[in-house]
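A.B. asks: quick one: sequence plus predicted model below, questions after.
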2 protein chains.
Amino acid sequence: MQLRRELIAGDLLPQQRLVEADLCSRLHTSRGTVRAVLLRLEHEGLVVREPYRGAHVRVIDEKEAVEITEARAVLEALAARQAAVMATDDDLAAVRAIHAEMRPLLKRGDLLAYSDANRRLHERIIEASRHTTTQRLLSGLKAQLVRYQYRTILVPGRPQQSWAEHTALVDALVHRDPDRAAAAMMAHLSGVVATLHSAAGQEADSASGFG
Amino acid sequence: MQLRRELIAGDLLPQQRLVEADLCSRLHTSRGTVRAVLLRLEHEGLVVREPYRGAHVRVIDEKEAVEITEARAVLEALAARQAAVMATDDDLAAVRAIHAEMRPLLKRGDLLAYSDANRRLHERIIEASRHTTTQRLLSGLKAQLVRYQYRTILVPGRPQQSWAEHTALVDALVHRDPDRAAAAMMAHLSGVVATLHSAAGQEADSASGFG
DNA sequence: GGGTTACAGATTGTTGACAATCGCGTATAC
DNA sequence: GTATACGCGATTGTCAACAATCTGTAACCC
C-alpha cells in the first residue's frame, strides 16, 4: 500500500511506467503482491494497465477532472441531504467546529491548512450522512483528484467564495434542512467546477511543470 | 470472467463461500487468475474478502438496495442532464425507438421484455451523455442490483407509472431541456426507491426463497 | 534507400510449491 | 460439568521459476 500512498500523494509523474520488477525491489515484496496492488489501483482509476505492455500512472486531464467533480457534486449533494436528516448532534458539532477552524486560516492566508480543513469538513459531512454507498463512491473519486486538489484554492478570490458557500452549507445542516443542504453543496461544487474550467486555460502549459 | 457472469446473473447463492481451489477446477484456471478475478469482484462490491478467511458472495439487503438506487438516481440525473445537451440526433432517435418499443410490451403485459427495454433505454441515455465517469460509476452500481432488478417492476401498477415517468424523460431529452431531463430522471428513480421501500415489508420473508 | 523480416532484451502472464493463519474438534485440568 | 490449551485439516498469502508476448534493433532483400 506504499505505492498507493505515493500515487495519491502525487509523488509519481504522470504517464510514468510502473514496471513490476522495479516496484518489487522498491517495496521489498514479491510480484504477486505488486500485481494485486496494481489490479486494485487500476480499478480505482489511478493506473492504466495494458496486456503484456505493463502499467503506467494515469493522467487525468482537465476535462476528466471536471467530469469527476461533477459526479462528486451530485453525490455529495445526496450525502448532504442525508446528513441533514441522519446526523447526530455530535456530527453537527464536529462540522461546526471544523467550519469555525477555517475562518482564521482563511484570514491568515494559510491556504494549505485551509484546504486540509476543507477536505475534513467534506469527509465529516459524508460520514454524518451514514450513506455507505455514497461514501465508497466518493472516496474512489477523490483519490483521482489529488493532482487537482490545490489548483482551485489557489485561484484568487476562490477561498473567500468557498468559505461563503461552506457557511451556507453548514447553516443548512444545523437547521436540518435537507433541500437547502443539498442545494448548498451543489452550489459549492458547481463553484469548484466553474473554477476548474476557468483555471483550465491559463494553467494549460504550466500543468506539466506542476506535476 | 465466467465467475463474474455467474455472480451478475445471480446464479450463486447469497453468502455462499467462494473457495479459490474450487473455482480453479471449475473455471479450469490457476489460483493466480482466480485471485485477480476475486480482487476485482471485491472492488465491484459483488464479493467480500476477509484476510485468511476467504471470499463469499455479498448479500445486498433492502436498505443497501435503496442506498444504491439513491446514488444511481443522482448520477443518472446528471447523465440525463448531460445527454440533453450532448446527445446526437442518432442518440435521440435510438432513445425514442426504445421508448416506442416499450408501449406494446406494457400493454401485452410482457414485463420481462419491458424490464429489458427499460434497461436498454437507461443505458442508451447514459451513453448519449458522453460522461465516461458517470458511465463507469453507474455500471458498477447496476451490477450490484441484479438481484433486485425485477422486484420493482412486479409491483402492481408500477409498470404504468414507470412508463409515464419515462415518457416525461424522453420528452425532455428530445426537447434538449437539461433541467427537465434531470428532474424527470430523478422523479423516475425516486419512484423506484419508493417502490423498493414499499416492497421491502411484504417481501421481507419471501426474499430468502427468491434469491 | 525504403521496407520487411528475424532476433534479442525486457516485461508481463501463468503455474506450482511453500509458509502463515484460521476454525474446529479433542483432550485435559480443575 | 465447564473452561482452557492444543493439534489438525482446510484455506489463504507469498514466493520463485517458466512460458508468452511486446518493443526496438539490425540484417537483408528489392
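C.D. replies: Yep, it's here. Numbers count the residues shown, from 1 in each chain, chains lettered A, B, ... in the order given.
A.B. asks: neighbours of A:L39, how many?
C.D. replies: Number of residues near A:L39 (other CB atoms under 10 Å in any protein chain shown) recorded here: 19. (Each C-beta comes from the backbone N, C-alpha and C, glycine too.)
A.B. asks: out of everything not next to it in sequence, what's closest to the residue of chain A at minimum distance from DNA strand D?
C.D. replies: Closest to DNA strand D within chain A is A:S30: 3.0 Å, counting by CB to the nearest atom of the strand. Counting by CB to CB, 6 or more residues apart in numbering or on different chains, A:S30 lies nearest to A:C24, which is 6.2 Å off, once chain neighbours are set aside.
A.B. asks: can you give me the strands in chain A?
C.D. replies: Taking DSSP state E as the criterion, chain A carries its strands at A:17-18, A:47-50, A:54-57.
A.B. asks: give me every residue that touches A:G191.
C.D. replies: A:R158, A:Q161, A:S162, A:E165 (CB atoms under 8 Å, 6 or more residues apart in numbering or on different chains).
A.B. asks: ok, 6 Å please
C.D. replies: A:Q161, A:E165 (CB atoms under 6 Å, 6 or more residues apart in numbering or on different chains).
A.B. asks: gap between it and A:R53?
C.D. replies: 40 Å (CB to CB, to the nearest Å).
A.B. asks: what residue is smack in the middle of chain A?
C.D. replies: Of all residues in chain A, the one closest to the mean position by CA atoms, centre = their mean is A:K142, 3.3 Å from it.
A.B. asks: re earlier: would you mind finding the most buried of the strands of chain A?
C.D. replies: strand A:54-57 (a mean of 19; mean count of other CB atoms under 10 Å in any protein chain shown).
A.B. asks: mind listing the helices for chain A?
C.D. replies: A:2-9, A:20-27, A:31-44, A:62-86, A:89-108, A:111-129, A:132-144, A:158-174, A:178-202, A:207-210 (DSSP state H).
A.B. asks: looking at these, which is closest to DNA strand C?
C.D. replies: Smallest distance to DNA strand C across these (CB to the nearest atom of the strand): 3.6 Å, for helix A:20-27.
A.B. asks: what about that closest one, near DNA strand C?
C.D. replies: Yes. Using CB under 7 Å from any atom of the strand, we find that helix A:20-27 touches DNA strand C at A:E20, A:A21.
A.B. asks: which parts of that helix are buried?
C.D. replies: Using 16 or more other CB atoms under 10 Å in any protein chain shown as the test for burial, helix A:20-27 gives A:L23, A:C24.
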